[in-house]
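**Student:** give me the fold of what follows.
(one chain, ligands or ions: 2)
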Amino acid sequence: GRRVTPGCAPVSVGCPARARGGALSLLYEAPDRTVCLFCRSAAGAFPAEIVPKTPRVVPFRDVNPQAPTHVLVIPVQHAANAAELADADPGYAGEVLAAAAEVARLEGLGNGYRLVANIGVDGGQTVEHLHWHVLGGRPLTWPPG
Ligand code: 5GP
Ligand code: ZN
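**Tutor:** Ligands and ions are numbered 1, 2, ... in the order given. Below is the predicted model:
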């Protein structure tokens, strides 16, 4: 797939959420009134050139890539993690997972790749909005740290 600068890459194709006129009503506010970082991503803060079939999912490149391809795939609607979305809306959870696999295909990861969804403190989750990491483009070691 094409390489772009990680993070706020220049857009060649608009972010679907932003193209619809933004998704501000979907922005999740934490109790301390801070707005969820990845709700802002879903609204187009980190545009990427990858466009999946579903408009309910947004992919963007990780700002700190751990592999030649490192894309984050998130639902437009806020969910804290994969377990929460699977519980609340299994159909939507499946849609996000299918979009992650679609992104891997679009990125040319036919030789294999890794999907990771960190959950909670021990899982190493640092942003509390569900994101599948799509990692590939090099052989990945196991077990993870
Ligand atoms: P976690 O540790 O929660 O599984 O993954 C969070 C990921 O989000 C990390 O890989 C981190 O590099 C990425 N990230 C954090 N802030 C930003 C940002 O502002 N822009 C982008 N593109 N990625 C971010
Ligand atoms: Zn959010």
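**Student:** going forward, measure contacts and count neighbours with C-alpha atoms only.
**Tutor:** Noted.
**Student:** got the residues of this protein near ligand 2?
**Tutor:** Applying CA under 5 Å from the ion, we find that the chain lies next to ligand 2 at 36, 38, 39, 78, 129.
**Student:** can you list these in JSON lines and add distance to residue 97?
**Tutor:** Below are the residues of the chain next to ligand 2 laid out as JSON lines (distance: CA to CA, whole Å):
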{"residue": "36", "distance to residue 97": "21"}
{"residue": "38", "distance to residue 97": "17"}
{"residue": "39", "distance to residue 97": "18"}
{"residue": "78", "distance to residue 97": "15"}
{"residue": "129", "distance to residue 97": "14"}
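**Student:** mark which of these are part of strands, please.
**Tutor:** Nothing among those maps onto strands, per DSSP state E.
**Student:** now, which of these lie close to ligand 1?
**Tutor:** Applying CA under 6 Å from any ligand atom to these, one finds that nothing falls near ligand 1.
**Student:** redo these as a markdown table? Include neighbour count, distance to residue 137 and pLDDT.
**Tutor:** What follows is the residues of the chain next to ligand 2, written out as a markdown table (neighbours: other CA atoms under 10 Å; distance: CA to CA, whole Å; pLDDT from 0 to 100):
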| residue | neighbour count | distance to residue 137 | pLDDT |
| --- | --- | --- | --- |
| 36 | 17 | 30 | 90 |
| 38 | 25 | 24 | 92 |
| 39 | 24 | 27 | 89 |
| 78 | 19 | 29 | 93 |
| 129 | 22 | 25 | 95 |
